[in-house]
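Novice: take a look and give me a structure for this.
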Amino acid sequence: MHTEDSPEEPAEHARFGRYLVELEQVADRDEVELVGRDLADPDQVMAQAAVVRHVDRRAAELRPEAAWQEWAGAMARVVDGRPFLVRRLEEWSLYRSVVLRLPWHRDDLLAASDRLQLRTAAGSNPEALAVLAAHGRTKRIRSTARAGLARLDPA
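Specialist: Okay, the predicted model is just below:
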């Protein structure tokens, strides 16, 4: 049993830390293989937590890049069958579309997680802000979106 006085951390904590470091340092050409290997870990909660951090970091880096489609497609294949990771990747795709003013659907934004709605409400896409100001899931999301609209049109 692990106690605070024990010099060893639980094995899954050590693996989680190692996965985070490896995922942060992985070369693009080896990324999919490493994510797949991490997701083969028997502790799925821990493995998916490491991978979601990686997806969040990489998606934020690649969002404006042309490499997005290739990366998102490869990640979609490797996370297939893991609903939380699939949804996170889909939401990053939606967020990217909203931010870059690519085509997106109002219903997709309204069905998105609070996390994505709030992130979008803090942005500057007037169409998305109007949707969220009127129909965002929480009071905080609606308020943030209204403040964003006021920022865009201070008159």
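Novice: can you tell me the SS state at P103?
Specialist: The local conformation at P103, judged by DSSP: H, G, I helix; E, B strand; the rest coil, is coil.
Novice: tell me, how many residues neighbour it?
Specialist: 5 (other C-beta atoms under 10 Å). For every residue, glycine as well, the C-beta is placed using N, CA and C.
Novice: residue contacts, A121?
Specialist: A121 is in contact with A128, L129, L132, A133, G136, I141, R142, T144, A145, G148, counting by C-beta atoms under 8 Å, 6 or more residues apart in numbering.
Novice: what's the separation between Q25 and D38?
Specialist: 13 Å (C-beta to C-beta, to the nearest Å).
Novice: neighbour count for these two, which is higher?
Specialist: Each of Q25 and D38 has its neighbours counted (other C-beta under 10 Å); D38 has more, 22 against 9.
Novice: which element is the residue nearest the centre of the chain on?
Specialist: When C-alpha atoms, centre = their mean is applied to the chain, the residue found nearest the centroid is D56 (4.0 Å). D56 is located in helix 44-62, with elements delineated by DSSP states H and E.
Novice: now find how far off-centre that helix is within its chain.
Specialist: Offset of helix 44-62 from its chain centre (C-alpha atoms, centre = their mean, to the nearest Å): 7 Å.
Novice: list the buried residues of that helix.
Specialist: The neighbour-count check on helix 44-62 (16 or more other C-beta atoms under 10 Å) flags M46, A47, Q48, A50, V51, V52, H54, V55, R58, A59, L62 as buried.
Novice: which elements pack onto the following helix or strand past it?
Specialist: Next in sequence after helix 44-62, counting helices and strands by DSSP H and E, comes helix 68-79. When contacts are defined as 3 or more C-beta pairs under 8 Å, 6 or more residues apart in numbering; DSSP states H and E, helix 68-79 packs onto helix 31-39, helix 44-62, helix 83-99.
Novice: chain center to the shortest one, what's the gap?
Specialist: In other words, helix 31-39. Centroid displacement of helix 31-39 relative to its chain, using C-alpha atoms, centre = their mean, is 17 Å.
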